[in-house]
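Asks: predicted model and sequence follow; I will ask about them next.
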Amino acid sequence: MANVLRNFRILIADSDVELARVLRATLVEMGFENIQTTRSGSEAFKMIQTEGIDFLITDWNTQMDGTHLVDQIRRNPESNKPTLPVIMLTGRAEQSDVIAARDSGVNEYVVKPFSPKSIYNRLERLIEKPRAFVVAPNFVGPCRRHDGMPPVGVADRRKTVIIPKLQPQDVSRAVQNNTGVAKVWLPDFSLKYKLGVSVSLKSLITPEVLNAAQAAIDAIADESLQWVKGDLQHLRSLCDLLKSKEPPSNVASEIGELALSINSRAGTFGYTRAAEIAYMLYLFSRNQMQPPSKGHHIVVEKHIEVLQVILGSNLKGDAGAMGAQIVAELRLLTQKNK
C-alpha cells in the first residue's frame with residue numbers, strides 16, 4: 001500500500017530548534033514526509049498562506065506569541081486559511097494557559113514533554129473527529145466542546161446559523177462581517193478525505209510504529225542531555241544575575257522560560273523527575289519570585305543544584321525514593337520562603 005501520509009503537508013513552528021527536530025523525527029517515523037519547520041510565528045503565518053499547509057503544530061514561544069499566531073490565522077483579513085487545524089505543543093500546563101489557547105482558536109493542546117503517543121492522539125482527533133467551526137463575536141475557531149453538542153440535559157442557548165459546508169472564504173467573510181450572531185459550520189473532513197475514507201489513521205500508525213518513533217527519540221538521548229546541561233549553565237548565570245545588586249527587571253521571566261525549556265527537554269528524553277523539578281521552578285518564578293528576596297535566591301539556587309545532581313548522575317525516570325524526598329524538601333523550602 002502506498003504511504004498516503006506523505007500527502008500531508010505539516011508545518012512545525014517552535015523556537016526550540018532541537019525539540020522541533022525531535023518532533024520532526026517522530027512524525028517521519030510515523031510515516032509523514034512533507035514537514036517544514038520555522039522558529040518564527042510571523043514566518044509561519046506567511047508559509048501558511050503560500051505553502052499549502054494541511055495543519056500546524058506550534059509552540060507557545062515562536063518569536064511571536066503562539067496564541068497571537070493562531071489569532072492571526074483565524075481573524076487576519078490577509079489569512080487565506082482561517083480554518084487551518086492547529087495543535088498547540090507547549091510546556092505550559094496551567095489551566096489558565098489551556099483556556100487562553102482554547103480561546104485563541106487552537107484545535108488541540110499538547111503539554112511538553114511529549115511522546116509519540118500524545119502526538120498521535122491529537123492527530124487522530126484532527127483527522128478522524130474534526131469539530132464544527134464557529135464564528136462568533138468573541139471567538140473564531142473549532143467548537144470548544146469536543147462533541148460539538150451541549151452537555152446532556154442542557155439546552156444550547158446560542159443563537160446560531162448552521163451552515164452545512166465549510167469553505168475558508170466563507171469563514172473569512174463571516175469574520176469580517178460579523179453581525180453578532182454566531183455561525184457554525186459542520187465539521188470539515190478534508191483531512192479525512194486526504195487520508196482516505198476507508199483508511200483509519202490507527203491502521204497506519206500502529207503500536208509498532210509508535211514504538212519505533214519512541215526508539216528514534218531515545219537514540220538522541222545522549223545528545224539531548226548536552227542540550228539540557230547547556231540550559232542549566234545558562235540558568236546558573238541567570239541566578240548570578242538574580243543575586244546582583246541591580247538584577248534586570250525581566251530576570252524572573254527569563255528564569256521561568258529557561259526552566260520550562262528544561263522541563264520540556266528533560267521530560268521528552270525520560271528524565272521525568274528532573275522535568276518535574278524544572279516545572280516547579282517555572283511555577284515559582286512565574287507566580288512568586290521577587291528578585292530582591294534573598295530567600296527566593298536560595299529557592300532558585302537549590303532547584304538548580306538538584307537539577308545538576310540528577311542530570312549529572314544521569315538519573316532517568318523518577319529517581320526512586322530519593323527523587324520523591326528531594327521534591328518534598330524543595331516544596332517545603334519554597335513554602336518557607338513565600
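Replies: Right, received. Where do you want to start?

Asks: switch to C-alpha atoms for all contacts and neighbour counts from now on
Replies: Noted.

Asks: quick one: the helices in the stretch 151-300 of the chain?
Replies: 168-176, 190-195, 201-204, 207-218, 221-242, 251-268, 272-287, 294-312 (DSSP state H, counting those that start in this stretch).

Asks: tell me which helix or strand the residue nearest the centre of the chain sits in.
Replies: Compute the mean C-alpha point of the chain, and by Cα atoms, centre = their mean the closest residue is Leu89, 1.4 Å away. In the assignment (DSSP states H and E), Leu89 maps to strand 86-90.

Asks: next, the buried residues of that strand.
Replies: Residues of strand 86-90 classed as buried by neighbour count (16 or more other Cα atoms under 10 Å): Val86, Ile87, Met88, Leu89, Thr90.

Asks: tell me which of the residues you listed is nearest to Ala100?
Replies: Ala100 lies nearest to Met88 out of those, by Cα to Cα, at 11.1 Å.

Asks: thought that closest one was touching Val110?
Replies: Yes - the criterion here is Cα atoms under 8 Å, and Met88 meets it with Val110 at 6.0 Å.

Asks: before we move on, back to that, which two among the buried residues of strand 86-90 are spaced furthest apart?
Replies: Longest span within the buried residues of strand 86-90, Cα to Cα: Val86 and Thr90, 12.6 Å.

Asks: so what sits against both of these two?
Replies: Common contacts of Val86 and Thr90, defined by Cα atoms under 8 Å, 6 or more residues apart in numbering, comprise Thr58.

Asks: burial count for Asp318?
Replies: 17 (other Cα atoms under 10 Å).

Asks: same thing with the one 5 residues further on?
Replies: If you count neighbours by other Cα under 10 Å, Gly323 ends up with 19.

Asks: now it: closest residue in space that isn't a chain neighbour?
Replies: Spatial nearest neighbour of Gly323, chain neighbours left out: Arg273 (6.6 Å); criterion: Cα to Cα, 6 or more residues apart in numbering.

Asks: from the recorded domain assignment, give the ranges for the chain.
Replies: 4-215, 221-336 (automatic domain parsing).

Asks: so who does Ala216 touch?
Replies: Contacts of Ala216 (Cα under 8 Å, 6+ apart): Ala25, Thr26, Glu29.

Asks: hang on, the earlier thing: redo the helices of the stretch 151-300 of the chain as a markdown table? Include distance to Tyr120 and mean pLDDT.
Replies: Formatted as a markdown table, these follow (distance: least, Cα to Cα, whole Å; pLDDT from 0 to 100):
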| stretch | distance to Tyr120 | mean pLDDT |
| --- | --- | --- |
| helix 168-176 | 26 | 82 |
| helix 190-195 | 15 | 92 |
| helix 201-204 | 9 | 95 |
| helix 207-218 | 8 | 92 |
| helix 221-242 | 21 | 87 |
| helix 251-268 | 15 | 92 |
| helix 272-287 | 21 | 93 |
| helix 294-312 | 29 | 92 |
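
Asks: would you turn these into CSV with distance to Gly323?
Replies: Shown next, in CSV, are these (distance: least, Cα to Cα, whole Å):
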stretch, distance to Gly323
helix 168-176, 51
helix 190-195, 44
helix 201-204, 36
helix 207-218, 22
helix 221-242, 18
helix 251-268, 14
helix 272-287, 7
helix 294-312, 9
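
Asks: give me the sheet partners of the helix or strand hosting Ile57 and which way each runs.
Replies: Taking DSSP H and E as the definition, Ile57 sits inside strand 55-58. Here strand 55-58 has these sheet partners by DSSP bridges: strand 9-13 (parallel), strand 86-90 (parallel).

Asks: I'd like those as CSV, with mean pLDDT and distance to Lys46 appended.
Replies: Formatted as CSV, the strands paired with strand 55-58 follow (pLDDT from 0 to 100; distance: least, Cα to Cα, whole Å):
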stretch, mean pLDDT, distance to Lys46
strand 9-13, 96, 11
strand 86-90, 93, 15
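
Asks: can I get those strands in CSV including distance to Gly52?
Replies: Output for these, formatted as CSV (distance: least, Cα to Cα, whole Å):
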stretch, distance to Gly52
strand 9-13, 7
strand 86-90, 14
